[in-house]
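*Asks:* sharing a sequence plus its predicted fold:
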Amino acid sequence: MDIKWLKSFIAVAEEGSFRAAAEKLYISQPSITVHMKLLEEHLQVQLFHREHTKVKISVIGEKYYPIAKNLVAQIEASTNEIHLESLNPVVPLIVSVSPALLYTNLLEQIHNFIELHPQFNVEIVMEDQVQLENAIRGQRIDVALGLHKFTYKEFHSERIDRSPLRLVYSSKLKLAEKQLDLQLKELFDEHQLYVGYLNEHTPVVEWLKNEYDIKKFNKINDVIFAIKLIKEGLGIGLLPESLIAEEIEADLLRVVDIGSIGTINPVDIYMSHLRNNTKIIPLTSFVRQSLICMGE
């Protein structure tokens with residue numbers, strides 16, 4: 001069925017003649033006649049009673065009139081929608097976020113980007129670090145946000161945040177000692193020390209071991225688990241401040257001063273992608289600008 005047939009039928013029904021319908025649609029009267037013949041053959045009904053130059057809509061034609069109007073409206077609406085999408089196509093973006101960053105504000109920044117840029121269809125995934133480079137190289141992932149810097153020339157990795165390491169313990173723990181050195185000695189004597197898998201921990205832990213008797217030292221590859229254990233008072237932790245800022249502000253975790261050693265060995269967060277991937281520019285620019293504004 002051609003939409004031209006429907007428009008011609010509607011015009012004839014509203015104008016009462018083929019001639020007036022042709023004038024309304026800016027087409028020839030014979031075209032109207034052909035359209036009506038084809039539509040009636042398609043529907044296998046008589047839509048009009050013809051008497052020389054006069055036409056009168058049939059009973060079935062009156063019933064079909066609102067149906068035809070609705071069909072034309074639907075077709076035109078869907079055509080406009082497709083046209084708009086062709087002018088503003090939806091761009092898929094797949095962003096990998098390290099589980100360690102779930103407690104940072106990066107997910108909020110991605111959410112804000114999605115709200116302001118509806119032309120992008122953003123999917124957030126968590127890819128295993130071992131597979132991450134291959135996933136980006138194979139374009140299964142567009143942007144990676146994490147603690148790992150890509151070193152191959154085909155990748156671009158930029159630091160978007162830097163955070164000092166903090167020695168923290170649960171607010172549930174009550175320290176008997178008042179002096180800092182004695183507090184540290186008490187913590188290391190009575191509690192396990194949990195750290196993540198970052199290289200930045202190594203020099204800080206070595207320095208602490210030279211100063212204090214660290215009897216129990218455990219690595220946890222998942223920062224979320226480490227934070228949970230520390231909050232429950234099941235150990236103390238050496239973690240980047242950016243990952244535990246909310247817990248510190250809410251007094252769920254408390255910081256013990258270890259001097260400048262944590263600042264000298266900060267933890268960096270990187271945004272990485274293929275150098276020739278141009279579709280990610282709006283997202284990377286937005287994240288970059290958002291972090292600049294937050295730092296002002």
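*Replies:* Sure thing, it's come through. Numbers count the residues shown, from 1 in each chain.

*Asks:* switch to C-alpha atoms for all contacts and neighbour counts from now on
*Replies:* OK.

*Asks:* I'd say residue 149 and residue 267 touch.
*Replies:* No: under the criterion of C-alpha atoms under 8 Å, residue 149 makes no contact with residue 267, lying 11.3 Å away.

*Asks:* those two - which one has more neighbours?
*Replies:* Set side by side, residue 149 and residue 267 show more neighbours around residue 267, with 22 against 18, by other C-alpha atoms under 10 Å.

*Asks:* and the residue nearest to the more buried one when sequence neighbours are not counted, how far is that from residue 207?
*Replies:* Closest residue to residue 267 in three dimensions, ignoring its sequence neighbours and counting by C-alpha to C-alpha, 6 or more residues apart in numbering: residue 163, at 5.1 Å. Relative to residue 207, residue 163 is positioned 19 Å away (C-alpha to C-alpha, to the nearest Å).

*Asks:* please apply the same query to residue 25.
*Replies:* On the measure of C-alpha to C-alpha, residue 25 and residue 207 end up 86 Å apart.

*Asks:* show me the contacts for the spatially closest residue to residue 255 that is not a sequence neighbour.
*Replies:* Distances taken as C-alpha to C-alpha, 6+ apart place residue 168 nearest to residue 255, at 4.5 Å, with adjacent residues excluded. Residues in contact with residue 168 (C-alpha atoms under 8 Å, 6 or more residues apart in numbering) are 230, 236, 237, 238, 239, 253, 254, 255, 256.

*Asks:* so what's the second one bridging to?
*Replies:* Which is residue 236. Bridge pairing for residue 236 (DSSP bridges) gives the partners residue 193.

*Asks:* show me where pLDDT drops low in the stretch 101-250 of the chain?
*Replies:* 129-130, 196-200, 215-222 (pLDDT under 70).

*Asks:* how about the strands of it, start to end?
*Replies:* For the stretch 101-250 of the chain, the strands defined by DSSP state E, counting those that start in this stretch occupy 120-125, 143-146, 155-163, 165-170, 193-195, 217-219, 236-240.
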